[in-house]
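> build me a model from this:
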Amino acid sequence: MSYTEKVSNRLNNLLTKNYDAEAGYKKAAEKVSNPQLKNFFKQRAQERYDFGHELKGEIKSFGQEPDKGTSVAGDAHRAWMDIKTAFSSDKDETVLEEAIRGEKAALNEYEEVLKETSLPPSTLNLITKERDSVNNALQNVTSLEKWA
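Sure, this is the predicted structure:
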């Protein structure tokens, strides 16, 4: 496998994770009743949509084809969120817990890609920017637990 294919595969993995996160945040916005949480989740869904477009552009710059759609694991996680909230007395808290878990996983995914020591500058800058935004979202979602 060439270096270009290797980097593109890693970026496609992040792209799929962002598709999953976008869908998860949309689902979270539907599940919560608190208006501030609903707005926060809608903003995060839009952010992940934007990340997806940025990643697609970077993948195409390597001459590779971006993946399309969510993952089976992400689909299963959203189904689990439906089940978990159906049986929860505090849906907002349950959804926040899942969002925190998801953001931690996303942060780890970005960190793994950044361990690649020879990323081109455009890729390094993009992944660093998105990682920092995910980290910021994690800090924000953790602080939102008081609203739930």
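> ok, then the element right after the helix or strand bottoming out on mean pLDDT in the chain?
Within the chain, no helix or strand scores below helix 72-86, which has a mean of 54 by mean pLDDT, DSSP states H and E. Using DSSP states H and E, the helix or strand that follows helix 72-86 towards the C-terminus is helix 91-114.
> list the buried residues in that following helix.
91-100, 102-103, 106-107, 109-110, 113 (16 or more other CB atoms under 10 Å). In short, each C-beta sits where N, CA and C put it, glycine included.
> do the same with stretch 36-48
Of the residues in stretch 36-48, those buried (16+ other CB under 10 Å) are 37, 38, 40, 41, 44, 45, 47, 48.
> what's the spacing between residue 25 and residue 92?
Look at residue 25 and residue 92: by CB to CB, to the nearest Å, they are 14 Å apart.
> hmm, I was thinking of residue 45
In terms of CB to CB, residue 45 sits 17 Å off from residue 92.
> now stretch 48-67: buried residues?
In stretch 48-67, counting by 16+ other CB under 10 Å, buried: 48-49, 51-52, 54-56, 58-59, 62, 64, 66-67.
> is it true that residue 29 touches residue 45?
Yes: in this structure residue 29 lies within contact range of residue 45 using CB atoms under 8 Å: 6.7 Å.
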